Structure formats: structure tokens, C-alpha cells
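Q: Provided below are the primary sequence and the corresponding predicted coordinates.
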Amino acid sequence: MGLLGAGIGMGMAAIGTGFAIGLLAGKAVEGIARQPEAAGVIRTAMILGIVFIEAIALYTLVVSILLWTKG
């Protein structure tokens with residue numbers, strides 16, 4: 001069950017973070033297209049958001065590895 005939980009958990013985290021980063025990047029590009037003078041601020045906020053989203057995937061990876069080694 002641990003192996004199944006690790007696989008399903010990491011798969012769901014990968015799908016969720018991929019969707020979130022795609023949505024974030026799309027909205028950032030849309031914002032830059034509307035206000036080109038704010039490109040630096042928008043880009044900085046986008047990169048910070050991507051870092052936090054990727055942290056969720058890394059936490060899930062750690063939990064999945066722990067489940068995998070216990071299973």
C-alpha cells in the first residue's frame with residue numbers, strides 16, 4: 001500500500017504543480033502584454049510563485065520516498 005500511495009501521491013502532485021505553473025505563467029504573460037512597463041515586477045512575482053509551487057512538489061517527493069522505503 002505504501003508503494004501505491006507513493007505513486008499516486010507523486011503523480012497527483014506532478015499534475016497539480018504542472019497545471020499551476022502553466023496557469024501562473026500564462027497569466028504573467030497576459031499581464032506583461034497588458035502592461036509592458038510592469039514586466040520586471042510581474043516576472044519577479046511569477047518566479048517567486050513558481051518557487052513556492054515547486055516546493056510543494058519537492059515535499060511530496062520526500063513523502064513519497066519515505067513511503068517507498070517503508071513499503
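A: Good, I have the coordinates.
Q: give me the helices and strands touching the helix or strand in which Ala25 is found, please.
A: Using DSSP states H and E, Ala25 maps to helix 2-34. The contact analysis (3 or more CB pairs under 8 Å, 6 or more residues apart in numbering; DSSP states H and E) places helix 2-34 against helix 39-70. Yep, even glycine has a C-beta here, placed from its N, CA and C like the rest.
Q: what's the angle from the helix it packs on to helix 2-34?
A: 180 degrees (axes from the mean of the first three to the mean of the last three CA atoms, to 10 degrees).
Q: just list what helix 39-70 packs against, helices and strands only.
A: Using 3+ CB pairs under 8 Å, 6+ apart, helix 39-70 is in contact with helix 2-34.
Q: wait, what's in contact with Ala6?
A: 63-65, 67-68, 71 (CB atoms under 8 Å, 6 or more residues apart in numbering).
Q: low pLDDT regions in the chain?
A: Low-confidence segments of the chain (pLDDT under 70): 71.
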